[in-house]
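**Q** Prediction below, plus the sequence it came from.
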Amino acid sequence: MKGQKGFTLIELIIVIAIIAILAAVAIPNYLAFRDRANISAAKDALGSLRTALEAYAADTGYYIPSGETTKTDIDYLAPNYIDNIAKLTGSWASETYAISKTDYTVTVTAKDRGNTQVVLTLTGISP
């Protein structure tokens with residue numbers, strides 16, 4: 001069988017080992033990057049919601065006409081202050097709203113592996 005060309009078993013094992021090492025380094029970095037991107041998307045969406053609430057308050061003098069609110073009650077912002085509520089809320093997994101005439105707190109869970117809680121208040125967005 002002399003003269004046949006091909007890879008030996010050792011060469012194939014070495015190549016597979018190199019690919020496995022590269023994957024072991026790349027996959028955790030990718031997952032961490034994706035988590036940071038999901039948290040940033042949630043913060044960005046809350047920033048848009050904050051802008052809409054502040055614009056509404058500047059026009060009307062209050063953040064919401066009634067007391068506590070839910071996700072469906074916030075649709076009053078949609079026609080003039082937020083283009084698409086569904087697109088805005090698509091960057092987080094769950095949310096709780098506490099919006100009154102003079103204050104607001106919106107807590108959302110980002111779509112990351114750690115279920116990071118991002119909170120919007122009058123003073124800003126954290127974490």
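**A** Perfect, thanks for sending it.
**Q** Now do the longest helix seen in the chain: which elements does it pack against?
**A** Identified as the longest helix of the chain according to DSSP state H is helix 9-60. Packing contacts for helix 9-60, counted by 3 or more Cβ pairs under 8 Å, 6 or more residues apart in numbering; DSSP states H and E, involve helix 85-89, strand 92-99, strand 104-110, strand 117-121, strand 124-126. Every residue, glycine included, has its C-beta placed from N, CA and C.
**Q** Tell me where the model's unsure across the protein.
**A** Residues of the chain meeting the criterion pLDDT under 70: 1-3, 65-73, 75, 78, 84-86.
**Q** 80 instead?
**A** 1-4, 60, 62-95, 97-103 (pLDDT under 80).
**Q** Tell me the bridge partners for residue 118.
**A** With beta bridges defined as DSSP bridges, residue 118 has these partners: residue 108.
**Q** if I read this right, it contacts residue 40, doesn't it?
**A** No - with contact defined as Cβ atoms under 8 Å, residue 118 does not count as touching residue 40 (9.7 Å).
**Q** quick one: which of those two has more around it?
**A** Neighbour totals were compared for residue 118 and residue 40, and residue 118 leads with 24 against 13 (other Cβ atoms under 10 Å).
**Q** Against residue 96, how distant is that one?
**A** 12 Å (Cβ to Cβ, to the nearest Å).
**Q** what sits in contact with each of these two?
**A** Counting by Cβ atoms under 8 Å, 6 or more residues apart in numbering, the common neighbours of residue 118 and residue 96 are residue 107.
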